[in-house]
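A.B. asks: please find the sequence and the predicted model below.
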Amino acid sequence: MSPWQPFLEDESLRPAPGLVAGLSADLRSPDPVVRDEQAYVLLHRWIPRLPPELRQSLGDEMAERFSDPEIQARTFAPLILARLVRLGDHDPAWLRAFDRWYREERDLRGHDAGLGWLHAVAHGADLLGAFGRSPHTDPAELLDLACARLLTPTDHVFDAMEDDRLGCAVALTLTRPELTEQQSLRWLEPIAADFRAASPGPVPAYASNTMRTLRVLYLLADRGVRPTPDAAGPEPLTHARAVREAVAETLAITGPYAG
């Protein structure tokens, strides 16, 4: 039996620092059951109960994981950081480490037969959205990061709803009330320029991924976005109409049949 089984079965059991360290280590495991179904589940459950100093050290450890040689270690770190950030924890070093990794990660597999879920883009999007809602961050910089992630060349076409998760993260960032209309739209300019510069022929994977993500964003700009799946209702984007029109104009560059 797994040493974590009693804790998985009894939610009232309290975490201890040594146990948290063990779970953090297991979050690097190549075994998807150990990593995803045990370590991640318990860390997600226990984080709100941890003292501030332990949450800080856990966040620091996850930020270091972005340079880990193992792909599963890198891609599960943002899930833990997202949990911390949503609870109000913040350290600029966490954001800097995430920014470097999310721009540069090349292994974009959603699921691997042996390693299970990896989901660099989707898990990173969850952290992007958490940072995007945090009052401690500059939302315009996070929109630029989303643009950079989309335009980074890749041969991988999103195949596990990564476009939905990234589109949601961008929409969440665009709910920040301090964003000006110009800031809400400016990050789209490099994407539009890239689309205009495209040559005839097969659509590159990164361009396909970008188009699909923008289609998700158009829907959320029109209908609003829920901060959490169980939220009472969607929130409007701060400049929803302008974003919707700008996204439509950007997509129309690639759609000769668009009006």
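C.D. replies: Yep, that arrived. Numbers count the residues shown, from 1 in each chain.

A.B. asks: hey, let's count contacts and neighbours off CA atoms from now on
C.D. replies: Fine.

A.B. asks: residue contacts, the residue positioned nearest the centre of the chain?
C.D. replies: Centre of the chain computed as the mean C-alpha position; nearest residue by Cα atoms, centre = their mean is residue 125, 1.3 Å away. By Cα atoms under 8 Å, 6 or more residues apart in numbering, the residues touching residue 125 are 165-166, 169.

A.B. asks: Throw these into JSON lines and include secondary structure and pLDDT, thanks.
C.D. replies: As requested, the contacts of residue 125 are arranged in JSON lines below (DSSP: H, G, I helix; E, B strand; the rest coil; pLDDT from 0 to 100):
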{"residue": "165", "secondary structure": "helix", "pLDDT": "98"}
{"residue": "166", "secondary structure": "helix", "pLDDT": "98"}
{"residue": "169", "secondary structure": "helix", "pLDDT": "98"}
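
A.B. asks: return the member of those nearest to residue 149.
C.D. replies: residue 166 (9.6 Å; Cα to Cα).

A.B. asks: surely the closest one meets residue 122?
C.D. replies: Yes - look at residue 166 against residue 122 with Cα atoms under 8 Å: they come within range, at 6.3 Å.

A.B. asks: compare these two (neighbour count), which wins?
C.D. replies: Remark: of residue 166 and residue 122, residue 166 carries more neighbours, 29 against 25, as counted by other Cα atoms under 10 Å.

A.B. asks: and the more buried one, how far from residue 31?
C.D. replies: Using Cα to Cα, to the nearest Å, one gets 26 Å for the distance from residue 166 to residue 31.

A.B. asks: got a list of contacts for stretch 111-120?
C.D. replies: Residues contacting stretch 111-120 (Cα under 8 Å, 6+ apart): 30-32, 71-72, 74-76, 105, 107-110, 160, 162.

A.B. asks: between those residues, which has the most around it?
C.D. replies: For the contacts of stretch 111-120, the largest number of neighbours (other Cα under 10 Å) sits with residue 75, at 29 neighbours.

A.B. asks: now do the helices in the stretch 151-259 of the chain.
C.D. replies: 162-173, 181-186, 189-196, 205-223, 240-252 (DSSP state H, counting those that start in this stretch).

A.B. asks: any chance of those helices in a markdown table, plus distance to residue 15?
C.D. replies: As requested, those are exported to a markdown table (distance: least, Cα to Cα, whole Å):
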| stretch | distance to residue 15 |
| --- | --- |
| helix 162-173 | 30 |
| helix 181-186 | 41 |
| helix 189-196 | 46 |
| helix 205-223 | 38 |
| helix 240-252 | 43 |
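
A.B. asks: count of residues packed around the closest residue in space to residue 183 that isn't next to it in sequence?
C.D. replies: Once flanking residues are discounted, residue 183 sits nearest to residue 140: 6.0 Å by Cα to Cα, 6 or more residues apart in numbering. For residue 140, the neighbour count with other Cα under 10 Å is 22.

A.B. asks: residue 155 now?
C.D. replies: 11.

A.B. asks: from what I see, it and residue 206 are in contact.
C.D. replies: Yes - using Cα under 8 Å, residue 155 is in contact with residue 206, at 7.2 Å.

A.B. asks: for the contacts of stretch 111-120, which one is nearest residue 148?
C.D. replies: The closest of the contacts of stretch 111-120, once distances to residue 148 are taken by Cα to Cα, is residue 105, at 11.4 Å.
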